[in-house]
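Novice: I'll drop the sequence and a predicted model, then ask my questions.
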Amino acid sequence: MRYAHEVGKVRAAERALMARLPEGALMQRAAAGLAAVCARLLPALYGADVVLLVGGGDNGGDALYAGARLARRGARVTAVPASPRIHRAGLGALRAAGGRVLGQAPPEEEAAGAVAGADLIIDGLTGIGGTGALREPHATLARLASEAPGTVVACDVPSGVDAGSGRVDGPAVRADVTVTFGTHKPGLLIDPGAAYCGVVELVDIGLGPDLPDPDVVAARPEDVRPPEPGPESDKYRRGVVGIIAGGERFTGAAVLAAGGAVHGGAGMVRFASAPHAVELVRQRWPEAVTTVIEPKPDALERIGRVQAWVVGPGLGTDRDGETLVEAVLGTDLPVLVDADGLTVLARRRDLLRRTAPTLLTPHAGELARLIGADRDAIEAARLDHVRRAAAELSATVLLKGSTTLVAEEDRPVRVNPTGTPRLATAGTGDVLSGLVGALLAGGLPALDAAASGAYLHGLAARIAAAGGPPAPGREPGERSGEAPISAYDVITALPAAFRAVW
Ligand SMILES: NC(=O)C1=CN([C@@H]2O[C@H](COP(=O)(O)OP(=O)(O)OC[C@H]3O[C@@H](n4cnc5c(N)ncnc54)[C@H](O)[C@@H]3O)[C@@H](O)[C@H]2O)[C@@H](O)CC1
Ligand SMILES: Nc1ncnc2c1ncn2[C@@H]1O[C@H](COP(=O)(O)OP(=O)(O)O)[C@@H](O)[C@H]1O
Ligand SMILES: [K+]
């Protein structure tokens, strides 16, 4: 897992460690790590042009000390101060190493010329102390760095990105590499901030023993463990998932959710709905066991035993849909509620009072209705809202979108690292519900089923877009020549995604 800690906890751990170390030792560790990464990124350090963007805090101090290290090894280092008060000792070290320092608040052309001509730019404007939109001249410098041809290395956090949340209000540095210290910060893993980071490199500064449990975690492939059938398995023990989706009007969602479950490793998929949806699912997925049901409180009685339910995709939001959602949530089994089921829940929050696990899979719009928040506010602060939703709704909540997050009260929030904007196409959410339902039925706890399902779903989308398994040693999404994909392509690529993690 990659771990991230809230800013307050990072600061507390730094304080505890600093109390045991000689003054300035921690900043030297950070600067040494930063300089080492920069040196690796430059084809030749001797004579390379390095520009430091230096803010008024310790983030600027790190940049100055790293610059001094690079200058001592022959780089031509120029510091651009963004504040009248920049780290004194760091400034002294840079000067002593032969670095150049532009005048305070240098004219824009001078700074622009230096940034545009640099081989490498270190962004030390703001780190974990940055709050709100970047002020001037930071904002202009951030823009110049983002547009410059040189390699941009962000110190700790790309300036303009809120370290705690990933929120970006206005200009921010677009980094090629972010060198972060001690632990990841949530804003490096969550969009929009994550998109500004480039490759994130973690430098160990010895904080580990002083850090509490993480607030946010992102899975690596080895952390994804879908249930694997053993020699004793049979179709019932592997998990039977029941899906209630689609109706007379909406049938695509039913076919896609059933497909996600069929390829999600369920021992059996039981699909139940109105006759038209049942007919189409039966044609497309002969593997599924189908039942025609009517929207009545006893609708589940004819379906047979299942270990987990999925309810909602394409169900409709009227009284009939509500009756089915109520019936499913009335069971003592794990239930995943998606799409129209969530719209029903927005007016029937009472249905969430149950003891068995409930997993909700909203996108930002659906979550807005569920917790009475503004959709844009949710998009801008996804972490806060998914946590709040899990607490208020007493459920596991998977918030879909640019970075999928899964929250459960008192547990670290799971961030899905495999997402791709290729998934932003109609019907992929239905595939996800079927897939996660299969994992729930297979016995995974709701948090693990949701996080593993999101991981496999994103990976399948990347594989589908790239036309094959990810190349070794490369992030799958980095391949060029990707094709647009449909939700159905995601289903078809699920076996390859499972193979990549099993
Ligand atoms: N505390 C420690 O022991 C360590 C801290 N380290 C570094 O110190 C950083 C934190 O340092 P600070 O707490 O001094 O904070 P920062 O340097 O991250 O930011 C504070 C400075 O940025 C300015 N600022 C904040 N928001 C701004 C905005 N929107 N526009 C323009 N200016 C803005 C503030 O006025 C202040 O000058 C970390 O990110 C890391 O880089 C590392 O050296 C490791 C050790
Ligand atoms: N910009 C994006 N980047 C990554 N994933 C995205 C993006 N936009 C949407 N997705 C993913 O695509 C899927 C869309 O689901 P959903 O909104 O329910 O659509 P639908 O109801 O059409 O199936 C979700 O898994 C979501 O996380
Ligand atoms: K920075």
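Specialist: Arrived safely, thanks for sending. Ligands and ions are numbered 1, 2, ... in the order given.
Novice: where does this protein dip in pLDDT?
Specialist: Applying pLDDT under 70 to the chain flags the ranges 470-480.
Novice: domain ranges for it?
Specialist: As recorded under automatic domain parsing, the domains making up the chain are 2-218, 222-501.
Novice: so can I have a markdown table of those showing mean neighbour count?
Specialist: C-betas here are computed from N, CA, C, even on glycine. Formatted as a markdown table, the domains of the chain follow (neighbours: other CB atoms under 10 Å):
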| stretch | mean neighbour count |
| --- | --- |
| domain 2-218 | 21 |
| domain 222-501 | 21 |
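Novice: dump these to JSON lines, plus distance to ligand 1.
Specialist: Output for those, formatted as JSON lines (distance: least, CB to the nearest ligand atom, whole Å):
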{"stretch": "domain 2-218", "distance to ligand 1": "2"}
{"stretch": "domain 222-501", "distance to ligand 1": "16"}
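Novice: now render those domains as TSV, adding distance to ligand 3.
Specialist: Listed next are the domains of the chain as TSV, based on distance: least, CB to the ion, whole Å:
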stretch	distance to ligand 3
domain 2-218	4
domain 222-501	20
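Novice: gap between the residue in the chain that ligand 2 sits nearest to and A245?
Specialist: Using CB to the nearest ligand atom, the closest approach of the chain to ligand 2 is made by G429 at 2.0 Å. According to CB to CB, to the nearest Å, G429 stands 11 Å off from A245.
Novice: likewise I86?
Specialist: 59 Å.
Novice: coming back round to it: spit out the residues that contact G429 and A245 alike.
Specialist: P313 (CB atoms under 8 Å, 6 or more residues apart in numbering).
Novice: so who does the residue of the chain closest to ligand 2 touch?
Specialist: By CB under 8 Å, 6+ apart, the residues touching G429 are P313, D338, A339, T361, H363, K400.
Novice: the same query, at a cut-off of 7 Å, please.
Specialist: Contacts of G429 were listed using CB atoms under 7 Å, 6 or more residues apart in numbering, and they are D338, A339, H363, K400.
Novice: and it, helix, strand or coil?
Specialist: When classified by DSSP: H, G, I helix; E, B strand; the rest coil, G429 comes out as helix.
Novice: returning to what we had before: from the contacts of G429, which two are the most distant?
Specialist: Greatest spacing in those, by CB to CB: A339 and K400 (10.5 Å).
Novice: three-state assignment of T178?
Specialist: strand.
Novice: tell me what it is bridged to.
Specialist: Beta-bridge partners recorded for T178 (DSSP bridges): A154, V200.
Novice: tell me where the stretch 201-350 of the chain has strands.
Specialist: Here the stretch 201-350 of the chain has its strands, by DSSP state E, counting those that start in this stretch, at 216-218, 240-244, 268-273, 289-292, 308-311, 335-337.
Novice: phi and psi next, for H5.
Specialist: Main-chain torsions, H5, degrees, to the nearest 10: phi -120, psi 150.
Novice: if I look at the closest residue to it other than its chain neighbours, how far off is R2?
Specialist: In space, and not counting its chain neighbours, H5 is closest to T183: 4.7 Å by CB to CB, 6 or more residues apart in numbering. Distance of T183 to R2, given as CB to CB: 9 Å.
Novice: can you give me the helices for the stretch 1-150 of the chain?
Specialist: For the stretch 1-150 of the chain, applying DSSP state H, counting those that start in this stretch gives helices covering 7-18, 25-41, 58-72, 88-96, 108-117, 138-147.
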